[in-house]
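Chemist: here are the coordinates; sequence isn't available:
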C-alpha cells in the first residue's frame, strides 16, 4: 500500500465518492496506517467540515467502516473518533436538510447501538443530536416485548419475532465465508506473493515494481475479505443470541402447556370420581 502522509490522506479524502468500493478501499488504507490514527481523525474532521453538503454523509460512512473493521486490530480509531463523532453528526445534520440524511445517520447509530461500539453516554449524545432529548432510545430485538405465543412475564431477554429470525438466517446464506468467487481469487494468487523465498527472482526495478503491485493487490483483497469475515462473526454472534432467546421462549411455552394439561387431566380425574360416586 502507498505510504502515509497528511497530503496523501487529504488527496484520498478529496477523491472519496459515495460508492461502497471507494469507501471500503480508503477504509482499508486507513486501517493499514492505524498507527497514525490521531492525525487521520484530525484530518478527517477538518476535511468533513470543508466538504460540500452532498459529500458529508460519505465521510460518516467512511468513519463507520473504519471503526467497525478496525476493532479487532486495536481500539485506536474507536477511541480517537469518540471525541469528534457527536459534533460530526451535528455538523452533517445542519449542513444537509434532506430528511434521508437523518435516516441514514440513524441507521449508522442503530448499528453502533446493537454492536455496543461506544459507551452509553456517547450513544445518548448521538441520539439527542439526531432525535432530540425527548426521543426514546432505539430498541434492539432483545429489548422489544414479543407476545407471539410467549409468556408476558419479564425475562433476561425477550425473544425475536419469527420473521426476524428467518431474515437473519437468510442473510447469512450470502455470508463472506461462503463466497466461492473470493475463495477462488485467493487460491489463484500468484505464488510470488505467497513465498518469500522467490524474492530472489527480482532482477531489476521493473520486476520489483510488478511484484510490489501484486502484493498490494493481494493485501487489499485479503484485508477486504477479513473485514467481511469480521462482520460475519458479529452477525453470527447476534444470531446465536436470537436463537438462544427463541429456544428459551419455546421451552417456557412448552412447560406452560404441559402444566396446563396436567391440571386439566387432574380436573378430569376428580370430576370422574365425583360422578362415579
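Modeler: The structure has been received and is ready for your questions. All values derive from a computational prediction rather than experimental measurement.
Chemist: and the strands in this structure?
Modeler: For the chain, applying DSSP state E gives no strands.
Chemist: okay, and the helix or strand of it with the least pLDDT?
Modeler: Ranked by mean pLDDT, DSSP states H and E, the helix or strand of the chain with the weakest confidence is helix 162-171, at a mean of 76.
Chemist: give the buried residues for that helix.
Modeler: If you call a residue buried by 16 or more other C-beta atoms under 10 Å, then helix 162-171 has these buried ones: 165, 168. Any C-beta I mention is one placed from the backbone N, CA and C, and that applies to glycine too.
Chemist: again with stretch 84-99
Modeler: Under 16+ other C-beta under 10 Å, the buried positions of stretch 84-99 are 84, 85, 86, 88, 89, 91, 92, 95, 96.
Chemist: what comes into contact with that stretch?
Modeler: Applying C-beta atoms under 8 Å, 6 or more residues apart in numbering, the contact partners of stretch 84-99 are 41, 45, 48-49, 53-54, 56-57, 59-60, 63, 101-102, 105, 118, 122, 125-126, 129-130.
Chemist: give the contact list for the nearest residue to residue 61 once chain neighbours are set aside.
Modeler: Spatially, and ignoring its direct neighbours in sequence, residue 61 is nearest to residue 23 (5.2 Å; C-beta to C-beta, 6 or more residues apart in numbering). Residue 23 makes contacts with 16, 58, 61, 62, 65, as judged by C-beta under 8 Å, 6+ apart.
Chemist: at 6 Å instead, please
Modeler: Each residue near residue 23 by C-beta atoms under 6 Å, 6 or more residues apart in numbering is listed here: 61, 62, 65.
Chemist: before we move on, the earlier item: save the buried residues of stretch 84-99 as a markdown table, and put in distance to residue 231 and pLDDT too.
Modeler: Formatted as a markdown table, those follow (distance: C-beta to C-beta, whole Å; pLDDT from 0 to 100):
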| residue | distance to residue 231 | pLDDT |
| --- | --- | --- |
| 84 | 24 | 93 |
| 85 | 20 | 92 |
| 86 | 24 | 91 |
| 88 | 22 | 90 |
| 89 | 22 | 88 |
| 91 | 27 | 87 |
| 92 | 23 | 83 |
| 95 | 29 | 74 |
| 96 | 26 | 65 |
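Chemist: tell me the one of those residues nearest residue 203?
Modeler: Comparing the buried residues of stretch 84-99 against residue 203 with C-beta to C-beta picks out residue 84 as the nearest, at 48.5 Å.
Chemist: got any ranges where the stretch 151-277 of the chain has weak pLDDT?
Modeler: For the stretch 151-277 of the chain, the stretches flagged by pLDDT under 70 are 151-159, 196, 198, 220, 223-224, 227, 277.
Chemist: picking that back up, restricted to helices, list the contacts of residue 23.
Modeler: Under the assignment DSSP state H, the contacts of residue 23 contribute 61, 62, 65 to helices.
Chemist: what's around the second one, how many residues?
Modeler: What it means is residue 62. Other residues near residue 62 come to 21 when the count uses other C-beta atoms under 10 Å.
Chemist: now the residue nearest to it when sequence neighbours are not counted: how far from residue 68?
Modeler: Of all residues not flanking residue 62 in the chain, residue 23 sits nearest, at 5.3 Å (C-beta to C-beta, 6+ apart). For residue 23, the distance to residue 68 equals 11 Å [C-beta to C-beta, to the nearest Å].
Chemist: what's the answer for residue 49, then?
Modeler: Taking C-beta to C-beta as the measure, residue 49 falls 23 Å from residue 68.
Chemist: more neighbours, these two?
Modeler: Counted by other C-beta under 10 Å, residue 49 and residue 68 do not tie: residue 68 has more neighbours, with 21 against 13.
Chemist: can you redo the ones in helices among the contacts of residue 23 as CSV with pLDDT and distance to residue 211?
Modeler: Putting those into CSV (pLDDT from 0 to 100; distance: C-beta to C-beta, whole Å) gives the following:
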residue, pLDDT, distance to residue 211
61, 90, 33
62, 93, 30
65, 89, 29
